[in-house]
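> Okay, here's the prediction I keep looking at, along with the sequence it came from:
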Amino acid sequence: MGGNNDILGINTQQWIYDPLPINISTSDTYGLGMQPTGNQQMPSIAFDALTGWLNIAGDASNNVVKQTLTNNGYYQLDIDGHLFSSDRSSSSFWQSLDGAIGDNVVGINFDGGLGNDTLILGSQAHQQNFQVIADDSLGIQGEVHSESVFFKAKDIVNQGKVVAHNITAEFSHSYSDEATSKMSASNGGSILLNGEGTGRIEAKGDYEAIGNSGGQIEFRGKTVDLIGAKLDASGDLGGGTILIGGDYQGGHSNSNRANAESTSVDANTQLLANAKDLGNGGKVIIWSDRDTDFQGDVQANGGRKGGDGGFVEVSGKKSLNFVGNVDVDAAKGKIGSVLLDPEDIIINTENVAYYNKLKGNVTLVADNDIYLFTNTSFVPSSGTLTLSAGGTVNLFGNISAPQHNVKITAGAIVGYGSISSSNGTGKAGYVWLESQREIDLNVGSSTIFTESGGSSGNIGGNITLKAGTTINAGFLTAAGTIRGGNINISAIGDIVASTLRSFSIENTGGKIDVVSTSGGININAYVSSYGLGGKGGAITMSAYGDIISNDIHADSSQIGNGAKVELTSQTGRIDTNGYQISATNTGNAGSVILKAYQDIVVGDIAAYSVSSGNGGKVELTSQTGRIDTSGKQIATSASNGNAGKVILNAYLDIAVGDGVSAYSGGGGNGGKVEITSQQQGIKVGNIFTKSWSGDGVWNGGKVTLKAKLGSIDGTVESGDIITTSVNGNAGAVTIEAGGDIEAGSITTTSITGNAGNVTIKAISRIKVGNVDTFASNNGDAGDVSLLADDDIETLAINANVKGDGAGKGIGGTVKLVSKMGDILTD
């Protein structure tokens, strides 16, 4: 074994060992009546009163040295059946032991020689530091009490009890104990079993480092096995630290510390780092660089009067069998955190019950993949459930985590499972999915729910999906009592989903934002953000390619405002399959803005207000294609406010089969309507931009229709056009076409204000119904101008001033000019 001139204790206290060389004659070696036989040489014994070290040197045989203290504090050694005592009154008194009494001895150094030697410690108490060094085996059978204790041997067996503020046991081969053994680090001290690199640990006994604040218990070994052991680092004012096999994620910051290759914790083992009264729970790490089998019970609870839960990590760098219990609860604070981070994580029917019990911030990290083969139902609690994989997260089962935030990050996220953070009695958490490659969930069956229930004031959880390539998702719902959650989806490639829905029972729907930077967007069912008692939420979709969806709603069902709907396709088309886009409400309606490089094909567009608000703006722009409302209507009317304007601009045809309704029922202006086809024609039903009634001066909206000037392909077909006003000016009507113009009746009359002018220009022919631009009472009638190269055919034209105020206003001029055709009129 030899000397050791640099032995460090724990808590930075340095042990200094400087044993004197042993040079004892044979006559000084034996006790009374003891003589060597043949070539036998008994072990040498020497106590150095100056240093306080007791040195024992064995021979080549397998020496067994049993050390005890007598009742009056004298040292007594049994060496291979021979007794040696430091008590001068004893028949076994040995001169070289003289002075070895109680606290005079600070250390024992046992160099047993070539044999397999054993030093066994009996009961003893020391007021100062005490250390024992043995070259082979060290056994602890009695009770050892000291301020600090340091043991070092090849093998250490603890069958007794060790009590000290700091306890260190270093071994190169093994450490084991009995179930009845105990190590107690008083006043929140520390216990270190250190066999790092080569030694194995098999612990069955009790280990405690308790106090006002919990102390530290650390087991380092090549293999660490806990079998029915109890480790307690609890404290009244805060939990301590327990490290089994390594530190946080293998203790990468400490390269000098060797981790366990394998660690096992059986079902009868308990590890405690609780704050008993007031304070935060402690830290517990169970680690190995290869395989960890965890079946035990870990607690790191916050204090009963206050304090947060602690932190627990259970992991094997290669593999983890997790079938134990971890508790980081807090009665009056924040729940703590749990981390599992092996190479792969597999959750199946055999272990799911243990995962379901986890609460607080639960983080599952896999270097490779995470497999969820069955449904999970985590205990409702605050905190974040995180699944993070360097490879793929495979969701073949559902995740139910009420109140939790759920965050999944991976190289890819695939499967057909569903995710819910919904809470029927309170606030739901958010759901965040982020993948370097694809997110591929079942569009037809997978769901993500973040619904908040219970009392007023709860907000729905947000839903975020981000992918480096494509996204396939199912039915997404983010609902709350006071506000729906936001839904944000972004991918480089295509995005496909079934339904996107955010709603609020009391107030506002959440924002919905979908972005594909290089692909298209396809929503199979509908997109909706509405407030049952408040505002709708804004809906924005932007894609490099096509945007395909069914219904899109940003409505307010009762009291409140509709929200903005904005869709932008950089190179593709927008198609709602003939379904409706709505931003309606009883307050202000939201605007609807659609921009596409190719065609825009929609159904009804509803941006009207049914009560006391304003209608919303509708603006559709197709850069190279056509606009088609599938025979449906565009409505921006307001029952008692300003109607919204309608602007349609397409390179090719524009068809609004059921017309445009942009009137004000009272208390507001009619909306302006501008429809322009750059290269082809316009076909639109009736257009209403009138202002009917209400206090004040309110005007009818202006109507402008223009189709490919200079070409007979640019025809305009419309139904009736009414821009009348009761108390204000009527809106003017302008129709220009490169081809024919065919319209129904045109009415731009006003009762108390000026009528609107009507101007129609066609390269080919004009055919219209009645044209009324008359004014009643004090206003001026509108002018009528019809200019065509071919025939002009009209019914009656009325540009007079009539009524009680007739004569105060000025009648309008009527001008009909056909360059090459006939003029037919009633």
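Received, thanks.

> Could you give the bridge partners of Ala635?
Partner residues in beta bridges with Ala635: Ala606, Ser661, with DSSP bridges as the criterion.

> typed the wrong thing, it's Thr676
Counting by DSSP bridges, Thr676 forms beta bridges with Asn649, Lys706.

> Please report how far it lies from Leu476.
37 Å (CB to CB, to the nearest Å). All C-beta atoms are positioned from the backbone trio N, CA, C, and that covers glycine.

> more crowded one of the two?
Neighbours were counted for Thr676 and for Leu476 using other CB atoms under 10 Å; Leu476 has more, 26 against 18.

> Run through the neighbouring helices and strands of the helix or strand encompassing the more buried one.
Using DSSP states H and E, the element containing Leu476 is strand 475-480. Helices and strands touching strand 475-480, by 3 or more CB pairs under 8 Å, 6 or more residues apart in numbering; DSSP states H and E, are strand 447-449, strand 495-504.

> Most tightly packed of the ones you listed?
Among the helices and strands packed on strand 475-480, judged by mean count of other CB atoms under 10 Å, the one packed with the most neighbours on average is strand 495-504 (a mean of 26).

> quick one: contacts of the next helix or strand after that strand?
Sequence-wise, the next helix or strand downstream of strand 495-504 (DSSP H and E) is strand 512-516. Strand 512-516 is touched from outside by 486-495, 500, 502, 521, 523, 527, 529, 537-545, with contacts defined as CB atoms under 8 Å, 6 or more residues apart in numbering.

> Repeat the analysis, applying 6 Å as the threshold.
Outside of strand 512-516, the residues that reach it under the criterion CB atoms under 6 Å, 6 or more residues apart in numbering are 487-491, 495, 500, 521, 529, 539-543.

> Over to stretch 52-70?
If you take CB under 6 Å, 6+ apart as the criterion, stretch 52-70 is touched by 19, 22, 41, 43-47, 76-80, 100, 104-122, 124.

> So which of those sit within strands?
Secondary structure from DSSP state E places 44-47, 76-79, 107-111, 118-121, 124 of these in strands.

> Quick check: end-to-end length of stretch 566-580?
The distance separating the two terminal residues of stretch 566-580, taken as CA to CA, to the nearest Å, comes to 14 Å.

> Can you tell me what sits against that stretch?
Under the criterion CB under 6 Å, 6+ apart, external residues in contact with stretch 566-580 comprise 540-551, 593-604, 630.

> how about Gly189, secondary structure?
Secondary structure assignment for Gly189 (DSSP: H, G, I helix; E, B strand; the rest coil): strand.

> my guess is it contacts Gly215, does it?
Yes: assessed by CB atoms under 6 Å, Gly189 is found in contact with Gly215 at 4.8 Å.

> So the two - more neighbours on which side?
Neighbour tally, Gly189 and Gly215, criterion other CB under 10 Å: the higher count belongs to Gly215, 28 against 24.

> who's in contact with the more buried one?
185, 188-190, 209, 233, 240.

> Which of these scores worst on pLDDT?
The lowest pLDDT within the contacts of Gly215 belongs to Gly188, with 89.

> list the contacts for the residue nearest to that one when sequence neighbours are not counted?
Nearest in space to Gly188, with sequence neighbours left out and distances taken as CB to CB, 6 or more residues apart in numbering, is Gly211 at 2.9 Å. Contacts of Gly211 were listed using CB under 6 Å, 6+ apart, and they are 187-188, 235.

> switch to 8 Å and redo it
Each residue near Gly211 by CB under 8 Å, 6+ apart is listed here: 186-189, 235-236.

> Also Ala563?
Ala563 makes contacts with 509, 529, 535-539, 554, 583, 590, as judged by CB under 8 Å, 6+ apart.

> Could you do Val771 as well?
With contacts defined as CB under 8 Å, 6+ apart, Val771 is in contact with 745-746, 758, 784, 794-799.

> again with Leu652
So Leu652 contacts 599, 622, 624-626, 677-680 (CB under 8 Å, 6+ apart).

> Tell me the most packed of the contacts of Gly211, by neighbour count.
Of all the contacts of Gly211, the most densely surrounded is Gly235 (27 neighbours; neighbours counted as other CB under 10 Å).

> returning to what we had before: show me whatever sits in contact with both of Gly189 and Gly215.
If you check Gly189 and Gly215 against CB under 8 Å, 6+ apart, the residues they both contact are Ala209.

> Local confidence estimate at Leu237?
96.

> want to throw the contacts of Val771 into CSV with secondary structure, distance to Val314 and pLDDT?
As requested, the contacts of Val771 are arranged in CSV below (DSSP: H, G, I helix; E, B strand; the rest coil; distance: CB to CB, whole Å; pLDDT from 0 to 100):
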residue, secondary structure, distance to Val314, pLDDT
Ser745, coil, 80, 96
Ile746, strand, 79, 96
Val758, strand, 81, 98
Val784, strand, 86, 97
Thr794, coil, 87, 97
Leu795, coil, 87, 95
Ala796, coil, 89, 94
Ile797, strand, 89, 94
Asn798, strand, 88, 94
Ala799, coil, 89, 90
